[in-house]
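J.: got a predicted structure plus its sequence, pasted below:
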Amino acid sequence: MVHVLRPLTRAVTYTRWLHLAMAVVWPSLWLFVEESWWTQATAAVLLGLAGLVPAMRLVEGLQARLLLTGHRHDSASAEIVAAPSATWSDRGRTVVWLEARLVVGYAVVLLSLHLPLLAIDLVTSALGAGPVGGAPLPADVPRWGYALLAPVPLLLLPVVVVWSGRLVTALAVRLLGPSPAERLAALEERTEQLLERTRIARELHDSIGHALTLAVVQAGAARAAGDPAFTDRALSAIEETGRAALEDLERVLGVLRASEKPVSGRPTLADAGRLLESARASGAEVDAEVTGPLDAVPGPVSREGYRILQEALTNVLRHAGAVPVRVRVRVADGTLVLAVRNPLPAGTPVPGRGSGLRGIRERAALLGGRARTGPDGGGWQVHAELPLS
């Protein structure tokens with residue numbers, strides 16, 4: 001019983017009825033001109049012509065979202081589109097919607113008026129006074145029969161209100177819903193959002209993971225060294241690395257807070273010196289060689305190259321510790337080449353198939369390049385080639 005009565009407690013049930021009642025206000029004004037069928041037909045034709053105006057779909061979509069579904073005008077999850085008609089198919093569906101809403105609205109308004117009047121007539125007939133208005137009731141029905149029938153129109157009224165609201169909402173979703181082109185555009189936008197979230201997750205893994213790895217390695221080396229001067233240098237390096245990680249974290253959180261803004265300020269290979277110094281401060285012997293014009297590397301390639309180099313150095317410190325590392329960065333023949341190689345001391349576990357190595361290969365593949373990661377002659381190598389075009 002509670003389930004049956006629940007729709008009557010929802011505000012949207014009555015806003016749907018109001019939406020249907022509003023549909024018949026303007027055509028009903030034509031009754032004051034002349035009460036004939038052709039005036040109503042003229043009103044219906046004019047209403048259909050109004051549906052061909054692109055802005056009419058926007059107006060009807062906003063009304064339907066607010067009154068039929070309860071969504072705000074800026075809700076992106078609503079199934080009803082609030083946008084002007086872009087094609088003749090959209091205009092045609094808008095015309096059909098306006099005419100269907102008019103027909104359903106007339107029927108619902110008439111029933112909403114006549115059902116209570118019918119209940120009153122049944123009550124007055126049961127009392128012997130006869131019907132007050134409307135069509136005359138059969139005279140051969142006993143009074144107790146009228147008394148039994150009196151509640152029926154009142155019980156039918158909420159049924160009409162609820163189900164007419166559901167009907168007009170279903171029609172709105174079908175006729176004012178997104179077109180195939182709009183669905184495709186929404187799918188593409190959703191795909192871009194998912195790709196952006198994946199990129200942000202990778203950014204966090206690379207930047208924060210690199211900072212934590214350096215901090216752990218430097219703290220362990222300082223404790224093992226027992227040298228106050230070395231400990232002071234290690235703490236300074238930890239402070240600098242942590243500050244850089246906080247800047248990266250703030251930037252990524254800024255992207256999440258304002259997803260419509262483009263990503264800017266990401267580090268590039270021009271900032272690679274900071275990575276190399278951090279690795280040296282952790283005890284690693286870094287032999288770095290850079291050849292070619294780094295300033296000629298396009299922004300996207302330079303940014304992804306920085307992250308590949310960062311992840312490669314992080315893996316060295318995480319898995320091999322403070323070991324000699326050879327870093328080669330070369331720009332030549334339209335290609336950026338990044339090579340990081342380090343020995344694997346005895347007993348050092350070979351890096352697995354974690355998200356970091358997978359991220360290196362994914363970054364290279366997205367730019368049309370390739371990356372190889374794995375053992376190489378008793379050591380470990382990361383080799384990436386990224387096209388500049």
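T.: Alright, I've got the coordinates.

J.: give me the low-pLDDT residue ranges for the stretch 1-150 of the chain?
T.: Residues of the stretch 1-150 of the chain meeting the criterion pLDDT under 70: 1-2, 4, 27, 29-40, 71-78, 130-141.

J.: repeat that with 90
T.: 1-15, 19-90, 99, 102-103, 105-106, 109-110, 112-150 (pLDDT under 90).

J.: in it, which spans are helices?
T.: Here the stretch 1-150 of the chain has its helices, by DSSP state H, counting those that start in this stretch, at 2-5, 11-23, 25-28, 37-50, 54-64, 88-126, 143-149.

J.: export these as CSV, with columns for distance to residue 366.
T.: Quick note: C-beta positions are derived from backbone N, CA and C, even for glycine. Formatted as CSV, these follow (distance: least, Cβ to Cβ, whole Å):
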stretch, distance to residue 366
helix 2-5, 51
helix 11-23, 45
helix 25-28, 55
helix 37-50, 49
helix 54-64, 37
helix 88-126, 36
helix 143-149, 73
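
J.: nearest approach to residue 161 belongs to which of those helices?
T.: For residue 161, the closest of the helices of the stretch 1-150 of the chain is helix 11-23, at 5.2 Å, according to Cβ to Cβ.

J.: go through the closest one and flag the buried ones.
T.: When burial is assessed from 16 or more other Cβ atoms under 10 Å, helix 11-23 yields the following buried residues: 12, 13, 15, 16, 17, 19, 20, 23.

J.: what's the answer for stretch 169-184, then?
T.: 169, 171, 172, 173, 175, 176, 177, 178, 179.

J.: residues contacting the fifth one?
T.: Taking Cβ atoms under 8 Å, 6 or more residues apart in numbering, we find residue 175 in contact with 93, 94, 96, 97, 100.

J.: what's the closest of the buried residues of stretch 169-184 to residue 326?
T.: Ranked by distance to residue 326 (Cβ to Cβ), the buried residues of stretch 169-184 are led by residue 178 at 55.1 Å.

J.: can you pull the domain assignment for this structure?
T.: 2-178, 184-387 (automatic domain parsing).

J.: next one: the longest one to chain centre, how far?
T.: Going by Cα atoms, centre = their mean, to the nearest Å, the spacing between the C-alpha centre of domain 184-387 and its chain's C-alpha centre is 29 Å.

J.: what's the answer for the shortest one, then?
T.: Using Cα atoms, centre = their mean, we find the averaged C-alpha position of domain 2-178 to lie 34 Å away from the chain's own average C-alpha position.

J.: now list the buried members of the contacts of residue 175.
T.: 93, 94, 97, 100.

J.: just to revisit the earlier point, between which two of the buried residues of stretch 169-184 is the distance greatest?
T.: Pairwise over these, using Cβ to Cβ, the maximum falls at 169 and 179, 18.9 Å.

J.: now stretch 331-341 - C-alpha only, CSV.
T.: Extracted C-alpha coordinates of stretch 331-341, given in CSV (Å, rounded to 0.1, in the frame of the first residue of the first chain):
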residue,chain,number,x,y,z
VAL,A,331,67.9,14.5,-29.9
ALA,A,332,68.7,13.7,-33.5
ASP,A,333,67.0,12.8,-36.8
GLY,A,334,63.6,13.8,-35.6
THR,A,335,63.7,11.5,-32.6
LEU,A,336,64.2,11.8,-28.8
VAL,A,337,66.1,8.9,-27.4
LEU,A,338,66.2,8.3,-23.6
ALA,A,339,68.4,5.5,-22.3
VAL,A,340,68.9,4.7,-18.6
ARG,A,341,71.1,1.8,-17.6
